[in-house]
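> Sharing a sequence plus its predicted fold:
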Amino acid sequence: MTNDIALRRLAKMPIIAILRGISVSEVDAVSDTLVQAGVTCMEVTLNTSGWQECISRLHRRHGSNILLGAGTVLHPEQVAEVQKYGGRIIISPNMNTDVIKATKELDLISAPGCFTPTECFAALHAGADILKLFPAEALGLPFIKAISAVLPGGVRICPTGGVGVSNIAGFVAAGVIAVGVGSSLYKKGKLIEELHQAANKLVAQAKVGQLQL
């Protein structure tokens, strides 16, 4: 699957499930539940114990049926390790040009965290594919609309942080490529029945937002 195809698939179902703190024993049931609900992009954060095995297991189980990656990628040397275990999208909470460049050197998808116009433009200059606006709950829709007016046309934006059922439709309707969803979707030890309900509600609201585009 090429990056272009992966990004088009992400835009079609614009939810990135953030699996922070997931255990290896949870991976199968959690990922199967998300896929059944229609979620096709997942990230395991690198501050998760055993993240290597989690990403590797997700890759073996779902292959190219999902866009798989890592979050909280802070150092350029981590990028190649993520790729080794099957990750394709590199997501960070901050804007580190060395991480972006390492990502693009390996032809992976770069999604650095940005908070200001300066960081947004610097990330694009370094080769970022997606601007992760973080934390979205602080920046809000007005910022997304304002920054979209000055960024180059077609720039992909992914608000993350504080996204849930109550606001996902509004973000999607604003034209973002995706939203990163963490604790409102997955928390370590969450019952599968609760995860199933949360995923279905988020997917439904994401589709509402797409209808408003």
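Structure's in. What do you need? Numbers count the residues shown, from 1 in each chain.
> Do a quick rundown of the helices in this protein.
3-12, 24-37, 51-62, 77-84, 97-105, 117-126, 136-150, 168-173, 192-211 (DSSP state H).
> and the angle for the longest one with helix 3-12?
The directions of helix 192-211 and helix 3-12 differ by 100 degrees, with axes from the mean of the first three to the mean of the last three CA atoms, to 10 degrees as the criterion.
> So for helix 192-211, what gets flagged as buried?
Going by neighbour count (16 or more other CB atoms under 10 Å), the buried part of helix 192-211 is 195, 198-199, 201-203, 205-207, 209. (Glycine included, C-beta is placed from N, CA and C.)
> And for the fourth one?
For helix 77-84, a neighbour-count test (16+ other CB under 10 Å) marks 78-79, 81-83 as buried.
> pLDDT (mean, whole number) over that helix?
Helix 77-84 comes out with an average pLDDT of 98.
> Could you quantify the relative orientation of it and helix 97-105 as an angle?
30 degrees.
> State the number of residues packed around the residue nearest to residue 42 when sequence neighbours are not counted.
Of all residues not flanking residue 42 in the chain, residue 17 sits nearest, at 4.7 Å (CB to CB, 6 or more residues apart in numbering). Per other CB atoms under 10 Å, the neighbour tally for residue 17 reads 25.
> mind starting the numbering at 34 from now?
Done: numbering now begins at 34, and the last item shifts to residue 50.
> isn't residue 50 right next to residue 74, touching?
Yes. Taking CB atoms under 8 Å as the definition, residue 50 is a contact partner of residue 74 at 6.8 Å.
> that older thread, nearest to residue 189, of the helices of the chain?
Residue 189 lies closest, by CB to CB, to one member of the helices of the chain: helix 36-45, at 7.0 Å.
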